[in-house]
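# Dropping the sequence and predicted coords here.
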Amino acid sequence: MVVAYALAGRVDIDFETEAIGTDSDGNPVMLKDIWPARSDVAELVGKVVTPQLFSDFYSNTMTRNERWNKLEAPSGALFSWTEDSTYIHHPPFFTDMTKEVPTSVTPIKDAHVLCLFGDSVTTDHISPAGNIAKTSCAAKWLKE
């Protein structure tokens, strides 16, 4: 999806009805034209993703990373939030939240869609793995 948005040059594209670009003859190219067929993906997965692949990879999961194994980790029923993390932050909307159901909900006003995805895209596919650098192109675009 990242490549498709990059080819289109924008994030507000409707992949169902709008071309992401043109071919060498000037004909429109739709996402469905370059997206692999389910059968092609299934065939490749069948060849590559085998029980042996998982056995090999997970056989030494608990011992393969000595540095990871030496890390001290807090224990307890609740996560110990810290202010100095650049990765995990306490969600601000939980700050004043109570266990009771709210009596009223404030409407969301002037919100805009940043990206519209299909049913098979989850936040794992679109979330950055870490913080967005303040000087990055993404940060500048979001600020604008």
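Looks like it arrived, so ask away.
# Please save the CA atoms from the longest helix anywhere in the chain in CSV.
Taking DSSP state H as the criterion, the chain has its longest helix at helix 38-48. Extracted C-alpha coordinates of helix 38-48, given in CSV (Å, rounded to 0.1, in the frame of the first residue of the first chain):
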residue,chain,number,x,y,z
ARG,A,38,-5.0,-14.4,-4.3
SER,A,39,-4.0,-17.6,-6.1
ASP,A,40,-0.5,-16.2,-6.8
VAL,A,41,0.0,-15.2,-3.2
ALA,A,42,-1.4,-18.6,-2.0
GLU,A,43,1.0,-20.4,-4.4
LEU,A,44,4.0,-18.5,-3.1
VAL,A,45,3.0,-18.9,0.5
GLY,A,46,2.5,-22.6,-0.1
LYS,A,47,6.1,-22.9,-1.4
VAL,A,48,7.8,-20.7,1.2
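# Which of the helices and strands in the chain ranks last by mean pLDDT?
helix 123-126 (a mean of 60; mean pLDDT, DSSP states H and E).
# After that helix, which helix or strand is next?
Going down the chain from helix 123-126, the next helix or strand is helix 137-143, by DSSP states H and E.
# Going by secondary structure, the residue of the chain positioned farthest from its centre is in what exactly?
Distance from the C-alpha centroid of the chain peaks at residue 25, with 34.2 Å (Cα atoms, centre = their mean). Here residue 25, judged by DSSP H and E, is contained in no helix and no strand.
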